[in-house]
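J.: I'd like to go over a predicted model; first the sequence, then the structure.
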Amino acid sequence: CLTTLIIMLVGDTYTLINYVSFINYLCYGVTIIGLIVLRWKKPKIFRPIKVNLLIPITYLAFWAFLLIFSLYSEPVVCGVGLIIILTGVPVFFLGVYWRNKPKCVNRLIESMTCWGQKLCFVVYPQGGVAEEE
């Protein structure tokens, strides 16, 4: 969110849309690659929807073409998109990977979570009864 705010203050909205669309295309392709890998490595697991592998492989061919074309035509936008993705790596290591955090860090994370929930009205406060509108 902080990176998005900085980009919104510095750049224009169309540039932000270009960054985010590159990130979306990259994530879609990685998801389809994950689908193919799981079909290959774990063919016996339950799948509520099963498609012919020709569909995701065809999608990946078009995805690779679009991604390579994007990298060739706008390398700066793609580079900034990758940097935006990489800003999540420290957050992952601090929030998920680091298991034995000091109590002060856990309290800080919990207070930030509570503050964000109250700010966005996403949960009712604990211990209170939900108000009816």
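T.: The structure has been received and is ready for your questions.
J.: Which helix or strand contains the residue nearest to residue 45 when sequence neighbours are not counted?
T.: What sits nearest to residue 45 in space, not counting adjacent residues and going by CB to CB, 6 or more residues apart in numbering, is residue 38, at 7.4 Å. C-betas here are computed from N, CA, C, even on glycine. Element membership of residue 38, judged by DSSP states H and E, is helix 13-41.
J.: Which elements pack onto that helix?
T.: Under the contact definition 3 or more CB pairs under 8 Å, 6 or more residues apart in numbering; DSSP states H and E, helix 13-41 sits against helix 2-10, helix 54-73, helix 75-86.
J.: With mean neighbour count, distance to residue 25 and mean pLDDT as added columns, please give those helices in TSV.
T.: Listed next are the helices and strands packed on helix 13-41 as TSV, based on neighbours: other CB atoms under 10 Å; distance: least, CB to CB, whole Å; pLDDT from 0 to 100:
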stretch	mean neighbour count	distance to residue 25	mean pLDDT
helix 2-10	11	18	70
helix 54-73	12	6	90
helix 75-86	14	9	86
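J.: Now the helix holding residue 38: buried residues?
T.: Within helix 13-41, the residues that count as buried by 16 or more other CB atoms under 10 Å are 16, 18-19, 22-23, 25-26, 29, 32, 35.
J.: Okay then, goodbye and thanks.
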